[in-house]
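1. structure of the sequence below:
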Amino acid sequence: MALNQLSLSLQFGDLPDTALHRAALPRHSVARWIRHALQSDAEITVRIVGAEEGQTLNRDYRGKDYATNVLTFDYTQAPYVTADLVLCAPVVEKEARDNQKTLQAHYAHLLVHGTLHAQGYDHETGEADAEAMEALEIKILAGLGIDNPYR
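-> Numbering: from 1, shown residues only. Now for the predicted structure:
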């Protein structure tokens, strides 16, 4: 299976325990996870942020005044994908712990999820769309050797 080309920028904002998150997100792994979810070539920036930046972005762009796990800012879908994926480290870490998942596996899931959003997939448009997106995530993650995140 030939994977699509990816131009990746990986950034770490002001966040607690940066070393933990850097260790869970080696550049080659982030690129691999994203490429497996791509259906065309892409230019993607991944930014790992703290709670304050995550909350500000979610409030300013989605009108929801709390930090969420992943935000996708998609700019183009064709002829190639351009997007920013913003992951809030403290939220991701808490969710991984609460769901008894490794931090790395949870990041992989959220990067696949955000990459699908960048390509037009949306789980908030109806139950059928949510089920289709979830099934695709499970399939992509299985191909990466990562267990079903919805169990």
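
2. please, where are all the strands along this structure?
-> Assigned by DSSP state E, the chain shows strands spanning 6-12, 42-49, 70-76, 81-88.

3. which elements pack onto the last one?
-> Of the remaining helices and strands, those touching strand 81-88 by 3 or more CB pairs under 8 Å, 6 or more residues apart in numbering; DSSP states H and E are strand 42-49, helix 51-62, strand 70-76, helix 103-118. C-beta coordinates here come from the backbone N, C-alpha and C atoms, glycine included.

4. pick the most deeply packed of those.
-> Mean neighbour count (mean count of other CB atoms under 10 Å) peaks for helix 103-118 among the helices and strands packed on strand 81-88, with a mean of 23.

5. elements contacting that helix?
-> Contacts defined by 3+ CB pairs under 8 Å, 6+ apart place helix 103-118 against helix 18-24, helix 27-37, strand 42-49, strand 70-76, strand 81-88, helix 89-98, helix 127-143.

6. hmm, who's touching stretch 32-44?
-> 3-9, 46, 77-85, 107-108, 111-112, 115-116, 118-119, 140, 143-144 (CB atoms under 8 Å, 6 or more residues apart in numbering).

7. revised request: answer the last question for stretch 110-128.
-> Applying CB under 8 Å, 6+ apart, the contact partners of stretch 110-128 are 30, 33-34, 36-40, 42, 44, 46, 69-72, 74, 77, 81, 83, 85, 87, 92, 129-130, 132-134, 136-137, 140-141, 144.
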